[in-house]
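Enquirer: Have a look at this fold, sequence not included:
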């Protein structure tokens, strides 16, 4: 897989030799790299809108890799993390994976293994950002609905007929049909099944975030 333009691999390691070696490898493969000597330095400069992945040293003084992972998770950051460790700490690797780490490689890592992991992480990031963009678009459409249209939407996706909706809301069937048509148009869907799918998708992802 060729590197995707616009993606950056962020390398956070307190060992200057490692930072230089990893960044040199990435750039030789045509992948943009940005290096940081500490998690705090990275946090101070990182822009969540920048796509890519994070190559992160597990053991660092003061503020280690796991702490940075936790800080990013709390910020809602979706950046895939590839952990590097020179200690082979199994318990920490398990903890990192449970917290959503993308991969875990032991130092000294082979160039091929690191590049394969980075490319896979970038692909994961691309897919995740596309999904986020789609969800944002769905939410933007939902935001255009009036309070009454939202009520009709909720009844429609729950499987109720126009007559039932009219009775529940105390309005005529003709009015329900009008609101329903507006909902379908604003949500840009052609069928109730598609409307249900979009609504549930938004709810499911919203609850998991």
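Expert: Nice, I can see it. For clarity, every value in this text was computed on a predicted model and none was experimentally measured.

Enquirer: Nearest the middle, which residue of the chain would you pick?
Expert: Most central in the chain under Cα atoms, centre = their mean is residue 78, positioned 3.9 Å from the mean C-alpha point.

Enquirer: Leaving out sequence neighbours, find the closest residue to that one.
Expert: residue 128 (5.0 Å; Cβ to Cβ, 6 or more residues apart in numbering). Heads up, the C-betas are built off the backbone N, CA and C, glycines and all.

Enquirer: Which neighbouring elements make contact with the helix or strand harbouring that neighbour?
Expert: Taking DSSP states H and E as the criterion, residue 128 maps to helix 111-143. Helix 111-143 sits against helix 16-28, strand 52-57, strand 81-85, strand 103-106, helix 173-187, helix 192-208, with contacts defined as 3 or more Cβ pairs under 8 Å, 6 or more residues apart in numbering; DSSP states H and E.

Enquirer: for the fourth one, packing partners?
Expert: The helices and strands touching strand 103-106, judged by 3+ Cβ pairs under 8 Å, 6+ apart, are strand 81-85, helix 90-98, helix 111-143.

Enquirer: As a markdown table, these with distance to residue 66 and mean neighbour count would be great.
Expert: What follows is the helices and strands packed on strand 103-106, written out as a markdown table (distance: least, Cβ to Cβ, whole Å; neighbours: other Cβ atoms under 10 Å):
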| stretch | distance to residue 66 | mean neighbour count |
| --- | --- | --- |
| strand 81-85 | 9 | 23 |
| helix 90-98 | 6 | 14 |
| helix 111-143 | 18 | 15 |
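
Enquirer: can you tell me which of these the model trusts least?
Expert: Here the lowest mean pLDDT among those goes to helix 90-98, at a mean of 72.

Enquirer: I'd like the distance from it to the chain centre, please.
Expert: Between the mean C-alpha location of helix 90-98 and the chain-wide mean there is a distance of 21 Å, by Cα atoms, centre = their mean, to the nearest Å.

Enquirer: That helix to strand 81-85, inter-axis angle?
Expert: If you take axes from the mean of the first three to the mean of the last three Cα atoms, to 10 degrees, helix 90-98 sits at 170 degrees to strand 81-85.

Enquirer: What lies in contact with helix 90-98?
Expert: For helix 90-98, the surrounding residues in contact (Cβ atoms under 8 Å, 6 or more residues apart in numbering) are 58, 65, 66, 69, 81, 83, 85, 104.

Enquirer: my read: residue 195 touches residue 156, true?
Expert: Yes. Counting by Cβ atoms under 8 Å, residue 156 is a contact partner of residue 195 at 6.6 Å.
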